[in-house]
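**Q** Structure for the following, please:
(chains A, B, C and D)
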Amino acid sequence: MDYTAEELMVVAASREIKDHEVVIVGTRLPILAFSLAKMTHAPNAVGFYDCGIVRDSPSKEFLYTMGDTPNLTGSQWCTTTNNLMFLLQQGLVNVGFIGGAEVDKFGNINTSYIGDYKETKVKLPGSGGGADFASLSERLLVIMNHEKRRLKDKVDYITSPGYGSGYNWREEVGLPRGGVGTLITNLGLMTPNPETKELELASIHPNVSIEEVQENTGWELKVSDNLIETPIPSPEELEAIRSMDPEGFWTGGRGKKQYERK
Amino acid sequence: MDYTAEELMVVAASREIKDHEVVIVGTRLPILAFSLAKMTHAPNAVGFYDCGIVRDSPSKEFLYTMGDTPNLTGSQWCTTTNNLMFLLQQGLVNVGFIGGAEVDKFGNINTSYIGDYKETKVKLPGSGGGADFASLSERLLVIMNHEKRRLKDKVDYITSPGYGSGYNWREEVGLPRGGVGTLITNLGLMTPNPETKELELASIHPNVSIEEVQENTGWELKVSDNLIETPIPSPEELEAIRSMDPEGFWTGGRGKKQYERK
Amino acid sequence: MSTKLQTLSEAISEHVQDGDSVLMGACLEPIIPFAGAYEILRQEKKNLTLLAPISDILLDMMIGAGAVQKVVTAWTGNVSAGLGYNYRRAVEKGIPHKIEIEDHSNFTFGLSLLAGAMGVPFLPTKSLLGTDILKSNPKLQVGKSPIGEETLVYVPALNPNVAILGVQRADETGGAHLWGNIGVSQDAALASKKVILLADEIVSKRTIESDPNRVLAPNFKVTSVVHCPAFCHPSPMQGYYKRHHEFFHDYGKETKDETGFKNWLNKWVYSVGSHEEYVALIQEFEELKIKSEVHAEKVNYAHQ
Amino acid sequence: MSTKLQTLSEAISEHVQDGDSVLMGACLEPIIPFAGAYEILRQEKKNLTLLAPISDILLDMMIGAGAVQKVVTAWTGNVSAGLGYNYRRAVEKGIPHKIEIEDHSNFTFGLSLLAGAMGVPFLPTKSLLGTDILKSNPKLQVGKSPIGEETLVYVPALNPNVAILGVQRADETGGAHLWGNIGVSQDAALASKKVILLADEIVSKRTIESDPNRVLAPNFKVTSVVHCPAFCHPSPMQGYYKRHHEFFHDYGKETKDETGFKNWLNKWVYSVGSHEEYVALIQEFEELKIKSEVHAEKVNYAHQ
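**A** All right, here's what the predicted structure looks like:
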């Protein structure tokens, strides 16, 4: 079965979620990838949406935002934003799952300011819940397009903390746990070096070369000793994605892109 | 119309509540006096009960505890204990209203330990919400029997803060507002001296002498320059009390005392 | 999702250990999980730390039975009848043995659970400044605000080993509806390491999910679900049972001395094999049941 | 109890003043009180500080219209379509004028309201440690725990001058039911000095009191109640309206440049006399209405 790069990215991301895990899910591709995991290998995963929703079944309809009405119907708990953040802060959320505008080699994410924040070149929307997911979940999944201007040696502004300047930075600044588990892109998967915490290429998508990854990465790429090729999506996974995003709004899968995407 | 000392006490207490005030109400006589105010001169007063209830109509049935089922039916809001305490802490509650086991001349209340708390002679139940009402409401009403062993020069333990050692003590310890407005007993009403904050006899019940009050007070009684006689209950007030406590459980009004009271 | 349904006996036996901190009575006066307390006593659990803002006679009877090492409470007694005689005997005379007391007000108790639920070491408050509660409970520390000049009390977080919470209805996965007096129930459910739900009715997951705003806590926070009708007796539960006032007043009269309490305990706990037997002993049980229906206004959760 | 019913125009005119801090969009993506924002723009209020965790395009349009001096938010843009072009123009180019930004995350925003609701100067959190949000918003201070060794962020309290909050139904005294996504609505209602409720339906006090656990806030916290069906358009509201996705996407396309935004503003705000006229302009309005009914399971509040 044919698949788009976005579809492979979503499938690869979904496979990072284990069954029974509690996942706090950002808008856009994370919603889709989490729902895919639920529909395939992680039926008992629990989804937190920080407008106040906890679901253990994926929404039956396509979601443009986590607050869309179908996301609430059949939810397990609908409560305050603070209550979900409290459980996150307690350490009860296994996975934070967000998109990013810019990420650097230590997994720090910028969704706030390009340029100095006092002299801003491009104003991005800000944290939303992303900085909280990155600060407080056991591990963070980040999903974004692999472009040199997005994967930078050092981000201009840390909105959502990765490993800061590497090594034990998180512990030193007082963060209780966490850090990027996997950065999922349209070219491959990157995971932190256990010691330095620099992101390394750990899985490369089919028909992508290491050179191509390096060309699209804003720092000197390190490749894991155990580099693998990303397994392709199964027909079941593709069908599940397309049932949720029938017009290819997020994944360019089947239909045309109806609206301009960021 | 005949009335009991308890009935006069409840009537006098109810008159301390102004219309439109928000009152956080303790168990026993405070419930009754608050409901009486609602039924007579303060129809728009709002009652907080710290199990989580806000009412603007009195319960239609006699209450043994604030958590009795009739107290919830027809309530305006039923929420968490913390939410009500938050509004109290903000300074949005005009009146705290409690009973007491012991009170001293500066209005400090002990409902915890008689004797040293490390070598306790009598263990009383503790604060409940009383210490919070006394700390955080704009003014505190206290209702209790006038006995020498209860009105002490100095309480053994401050559970619910009055004016500490007098003068600006509340400000000095960091309390944001408040203090005893009126102590209502079966002999009269006591209010704090504006400067020293010592409780003084401000109103004396009919057929009670100042000597009798002094005999039953554990410190050298001061009498206000503006001492008045407590107006007697009106027939409407007595009817209202008796409609709420038809067996005289709290007020000894009409029926017999069914159960032993503290 | 696998079932969490257990019998009362299984739930207490498996999830409450000697020495645990156990929260019971999160709604203050109503919906107190007495059935859980009786079962703990029947199973002779020891050295418990009991936590509750106010739990009416539940704390008193467990102290008298010798199961308690420490209480963390705002109020211990008999709400409509007065003092708790077992509490007094334990504190004043060491009968059956001395207990420790960690004094709180209702608010600082609620804040300590909220801090536990939030995952922070403390929460600040302006309550209790100047009181002796700060002396008898030195865990409540006073200090200047780190961002200003105010004096504050720092209330440390509580994360009980187990909370035994009552609800009107639950499903077998741990979803539950609680209504009426909430008290500190939700804070307790979120803060506690294990949660045992006593539910008057077991309903379908679909029923619970029909009203997700009324749900107490996410399923994964719930360890065990026990179908236990009238678990709250003698305390009331909105829509289900009125308060059994006489039971409380009789308890007060019958437990004034130690022998009286032992007789009471034998009659209502030790000589009773199960919660079902206990309910059968309550002569007034039918009168206590709430029989009328006053329904909440309809709420439409439709999405299309 | 006297009525608090006002028209939208009266409520905004009387309770929102130039220079006020105004919270709108407490449920994050759904139930955003757009009708209130449009009316504020029609009344040409100025120098507002807008507060919201995420308020979708509401913040962007008010910034573009020049009504905003400062935003206190976690996210400003167009949730399903991307960036907010007015926000970018204001920050990057000072068009129509520079604005101040007080950066938050959703959690620190929620905590600041909770601190305001609690009446304490701050709340502690472990979130945002190491981030540059702590640099661009120096009100978020870092320090050691006063009772231990942990490093914490101290989030100062927010008490907005006005919160404009949407609900499905309210009574004229200020009692209201909100369901579905709650977000930070209750924290906002308790923290704000004035609360304007926009209600899709006005119902009797008895209806609201039939389900007191679902009530948003005590009546005395509510300043004004406005009957304003479809106040949330184009955002969704459970049981009432679906999200009008195309409206958000069209907004994104039409506001890329300043002229486009001015046209948009004229079409949807300035040339529209009232909220009723606005609703009449929405061609898809009938399709957006939620027509099916999926009711919450019955709840019995009876006391006897």
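**Q** Check what pLDDT residue 18 gets.
**A** Went with chain A since none was named. Note on A:Lys18: pLDDT of 98.
**Q** not quite, I wanted chain C
**A** 98.
**Q** Tell me the secondary structure of it, please.
**A** The three-state label given to C:Asp18 by DSSP: H, G, I helix; E, B strand; the rest coil is coil.
**Q** was I right about it contacting C:Lys46?
**A** Yes - with contacts counted by Cβ atoms under 8 Å, C:Asp18 reaches C:Lys46, the gap being 4.7 Å. Backbone N, C-alpha and C define where each C-beta goes, glycine included.
**Q** Now for those two: what residues contact both?
**A** Counting by Cβ atoms under 8 Å, 6 or more residues apart in numbering or on different chains, C:Asp18 and C:Lys46 have no common neighbour.
**Q** Which of the helices or strands spans residue 38?
**A** Since no chain was named, I'll use chain A. Assigned by DSSP states H and E, A:Lys38 belongs to helix A:29-39.
**Q** Hmm, no, I was thinking of chain C.
**A** helix C:34-42.
**Q** again, but for C:Leu114
**A** Per DSSP H and E: helix C:106-118 holds C:Leu114.
**Q** cool, A:Glu7 as well?
**A** A:Glu7 belongs to helix A:5-14, assigned by DSSP H and E.
**Q** Whichever helix or strand comes after that helix close to chain C?
**A** Sequence order places strand A:22-25 as the next helix or strand after helix A:5-14, per DSSP H and E. Yes - counting by Cβ under 8 Å from any Cβ of the partner chain, chain C is contacted by strand A:22-25 at A:Val22.
**Q** Strand A:22-25 - contacts with which helices or strands?
**A** Packing contacts for strand A:22-25, counted by 3 or more Cβ pairs under 8 Å, 6 or more residues apart in numbering or on different chains; DSSP states H and E, involve helix A:29-39, strand A:46-49, strand A:95-99.
**Q** closest one to chain C among these?
**A** With Cβ to the nearest Cβ, the closest approach to chain C among these belongs to strand A:46-49: 5.9 Å.
**Q** which residues touch the closest one?
**A** So strand A:46-49 is contacted by A:20-25, A:31, A:34-35, A:38, A:53-56, A:58, A:66-67, A:71, A:76, A:84, A:87-88, A:93, C:218-220 (Cβ under 8 Å, 6+ apart).
**Q** Distance of C:Ser13 relative to chain A?
**A** Using Cβ to the nearest Cβ, to the nearest Å, C:Ser13 is found at 25 Å from chain A.
**Q** How many neighbouring residues does that residue have?
**A** Residues lying near C:Ser13 (other Cβ atoms under 10 Å in any protein chain shown) number 15.
**Q** my guess is it is in a helix, correct?
**A** Yes - according to three-state DSSP, C:Ser13 belongs to a helix.
**Q** Could you report the separation of it from chain B?
**A** Counting by Cβ to the nearest Cβ - C:Ser13 and chain B are separated by 30 Å.
**Q** for that residue, what are its contacts?
**A** Taking Cβ under 8 Å, 6+ apart as the test, what C:Ser13 contacts is C:Gln43.
**Q** which bits of the stretch 151-300 of chain C sit near chain B?
**A** So far as Cβ under 8 Å from any Cβ goes, the stretch 151-300 of chain C lies against chain B at C:151-152, C:179-187, C:235-238, C:242-243, C:245, C:248-249, C:252-253, C:290, C:294.
**Q** I'd say C:Ile147 and D:Gln141 touch.
**A** Yes - judged on Cβ under 8 Å, C:Ile147 makes contact with D:Gln141 at a distance of 5.5 Å.
**Q** intersection of neighbour lists for these two?
**A** Common neighbours of C:Ile147 and D:Gln141 (Cβ under 8 Å, 6+ apart) are D:Tyr154, D:Pro156.
**Q** For the stretch 51-200 of chain C, which segments are assigned as strands?
**A** C:68-75, C:100-103, C:122-125, C:141-144, C:151-156, C:162-170, C:176-177, C:194-202 (DSSP state E, counting those that start in this stretch).
**Q** Give me the distance between the two termini of stretch A:13-26.
**A** 13 Å (Cα to Cα, to the nearest Å).
**Q** same for the helix holding A:Lys38, what does it pack against?
**A** Using 3+ Cβ pairs under 8 Å, 6+ apart: helix A:29-39 touches helix A:5-14, strand A:22-25, strand A:46-49, strand A:95-99, strand A:139-143, helix A:235-244.
**Q** Just send the ones you listed back as a markdown table, with mean neighbour count and mean pLDDT too.
**A** Formatted as a markdown table, these follow (neighbours: other Cβ atoms under 10 Å in any protein chain shown; pLDDT from 0 to 100):
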| stretch | mean neighbour count | mean pLDDT |
| --- | --- | --- |
| helix A:5-14 | 25 | 95 |
| strand A:22-25 | 26 | 97 |
| strand A:46-49 | 28 | 96 |
| strand A:95-99 | 27 | 96 |
| strand A:139-143 | 25 | 98 |
| helix A:235-244 | 19 | 92 |
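**Q** Run through who's touching stretch A:114-125.
**A** Under Cβ under 8 Å, 6+ apart, the answer for stretch A:114-125 is A:101-102, A:110-113, A:156-157, D:75-77, D:83-84, D:87-88, D:91-92, D:132, D:135-136.
**Q** Would you report which members of those residues are assigned to helices?
**A** D:Tyr87, D:Arg88, D:Lys135, D:Ser136 (DSSP state H).
**Q** interface residues of chain C facing chain A?
**A** So chain C meets chain A at C:1, C:117-120, C:175, C:186, C:190, C:208-209, C:212-213, C:215, C:217-221, C:301-304 (Cβ under 8 Å from any Cβ).
**Q** do that again at 7 Å, thanks
**A** C:1, C:117-120, C:175, C:190, C:209, C:212-213, C:215, C:218-220, C:301, C:303-304 (Cβ under 7 Å from any Cβ of the partner chain).
**Q** Any of the residues you listed buried? List them.
**A** C:1, C:117-120, C:175, C:190, C:209, C:212-213, C:215, C:218-220, C:301, C:303 (16 or more other Cβ atoms under 10 Å in any protein chain shown).
**Q** Alright, that wraps it up for me.
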